[in-house]
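S.K.: Have a look at this fold, sequence not included:
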């Protein structure tokens, strides 16, 4: 059965997407992450920070194909770079808005980019890209400036790469559990 994404909440069907954590590692091993600022003309979460690349999974389209397509469309990342993205996790959650209740699961990829690479605005869904030190990303994550599911994907990155650790984060277990809800 195939279903339009917009109709999924009416039938309680889970939606899927692809999110890409684009990051760099300097010669001194400092990690920085590329973030996107969503266009103010976007229907959902206008003007908020987002992953470098993210997109919904359409019926009949593969996960890796969606990743490559979204990389090219949103950030002008050539396919020969996009294919180097590694599947690393999924993030699952449920949320409610004025259109209904949505169960979603995001396929998460990490893409280490060359230091000299700069994404470019492609299809107009993004206003601007920023390369920020990981500590600044952590600070921003504690604000309301992020699209909620993108904040979860970035939190997952920070945990997997030990930028957030159980000895220093009192809610570590709750954070990990919250990222991987059974739907």
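M.R.: Cool, got the structure. Just so we're clear, the structure is a prediction, and the values are computed from it rather than from any experiment.
S.K.: Can you read off the pLDDT for residue 2?
M.R.: Model confidence at residue 2, given as pLDDT, is 64.
S.K.: nope, residue 10 is what I was after
M.R.: Reading off the model, residue 10 has pLDDT 60.
S.K.: can you give me the strands for the chain?
M.R.: Taking DSSP state E to define them, one finds strands in the chain at 15-25, 31-38, 49-51, 53-56, 86-97, 100-112, 126-133.
S.K.: what angle separates the first one from strand 126-133?
M.R.: Think strand 15-25. 50 degrees (axes from the mean of the first three to the mean of the last three C-alpha atoms, to 10 degrees).
S.K.: quick one, which of the strands of the chain is packed in tightest?
M.R.: Each of these was scored by mean neighbour count; the highest is strand 49-51, a mean of 25, by mean count of other C-beta atoms under 10 Å. No exception for glycine: its C-beta is placed from N, CA and C like everyone else's.
S.K.: Contacts for that one next, please.
M.R.: With C-beta atoms under 8 Å, 6 or more residues apart in numbering as the test, strand 49-51 has contacts from 19-22, 35-38, 126, 140, 145-147, 150, 153-154.
S.K.: Show me the shaky parts of this structure.
M.R.: 1-12, 183 (pLDDT under 70).
S.K.: how much space between the closest residue to residue 120 other than its chain neighbours and residue 70?
M.R.: Ranked by C-beta to C-beta, 6 or more residues apart in numbering and with sequence neighbours excluded, the top spatial neighbour of residue 120 is residue 76, at 4.1 Å. Counting by C-beta to C-beta, to the nearest Å, the separation of residue 76 from residue 70 is 11 Å.
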